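J.: Sequence first, predicted coordinates after that:
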Amino acid sequence: MVKLVESMTGDHPARPVLVVANSAAAGGLARAADLGVSTAVVDHRPYKGDRAAFEAEMIRVLDAARPDILCLAGFMRILTPQFIDHYAGRMLNIHPSLLPKYRGLSTHARAIEAGDNQAGCSVHEVTAELDGGPVLGQARVAIDPGDDAETLAARVLLQEHRLYPEALRRFALGDRRVFELGAE
C-alpha cells in the first residue's frame, strides 16, 4: 500500500483517495495517514460471519470515497461474487506467485517444495475465481539453493513493491496488456 501511495504523484494517472482496513490495528492505516491519505476501518468481527452485511458496509464506505480503481494489498479475506461484481473491471490484487501457479496461501513454500527454479509475483484483476483473474504483470525471482519460504518471500516482496505501482499506472491509463517487469 505504501509503495502504491508513494507512486501516485507527478504524472501518475491515479491518486489515492482512501485506505480501508478490517482492523484498527492494521499498520497501514497510520502509514497512509502519515502520507496524507484518508483512512477508514470496517471491522469484520461485529458481523459474526455475515459476510454480506460486512461487504455492504465496505461498499458504503468505499463508494463514499468514489474510487475509480480498488487495489487490494494485504487484505486476506475472500470476497464474495456480489462485492467483486460491484467493482468488476476496477479491482486489482497482488499475489506472491507466478499465476496461475500456486493460487492461495503458502506460495513460496509450495514453489520450493515443487523444485521450481523461479518464483515471483503477479498483479491480476480480481474476479470471483480466487487468484484467477486476468494477469496484468509479473516479476520473476530466482529460487536460490538454500532458500526457505522466508528468504524467498523477502526477495519476492522487493519485486512486489516494483510491480504493483507499475501495473496500477498501466491499468489507470487503460493498458491491459500483460507485461513482465525486468530484473533489477
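T.: Thanks, I have it. Numbers count the residues shown, from 1 in each chain.
J.: C-alpha from now on. contacts and neighbour counts both.
T.: Fine.
J.: And Arg60, how close does it get to Glu6?
T.: Distance from Arg60 to Glu6, counting by Cα to Cα, to the nearest Å: 26 Å.
J.: What of Arg77?
T.: Taken as Cα to Cα, the span from Arg77 to Glu6 is 25 Å.
J.: Of the two, which one has the most company?
T.: Ranked by neighbour count (other Cα atoms under 10 Å), Arg77 and Glu6 place Glu6 first, with 13 against 8.
J.: How is that one assigned, secondary-structure-wise?
T.: helix (DSSP: H, G, I helix; E, B strand; the rest coil).
J.: what ranges do the helices span in the protein?
T.: 2-7, 27-34, 51-65, 81-86, 107-113, 149-172 (DSSP state H).
J.: The longest one: how far from the chain's middle?
T.: Taking Cα atoms, centre = their mean, to the nearest Å, one finds the center of helix 149-172 at 9 Å from the center of the full chain.
J.: ok, now stretch 4-14?
T.: 16 Å.
J.: Tell me, how many residues neighbour Gly146?
T.: Gly146, neighbours per other Cα under 10 Å, totals 8.
J.: Over to Gln82?
T.: Number of residues near Gln82 (other Cα under 10 Å) recorded here: 13.
J.: same thing with Ala154?
T.: If you count neighbours by other Cα under 10 Å, Ala154 ends up with 11.
J.: Check Pro16 too.
T.: 23.
J.: Fine, thanks again, bye for now.
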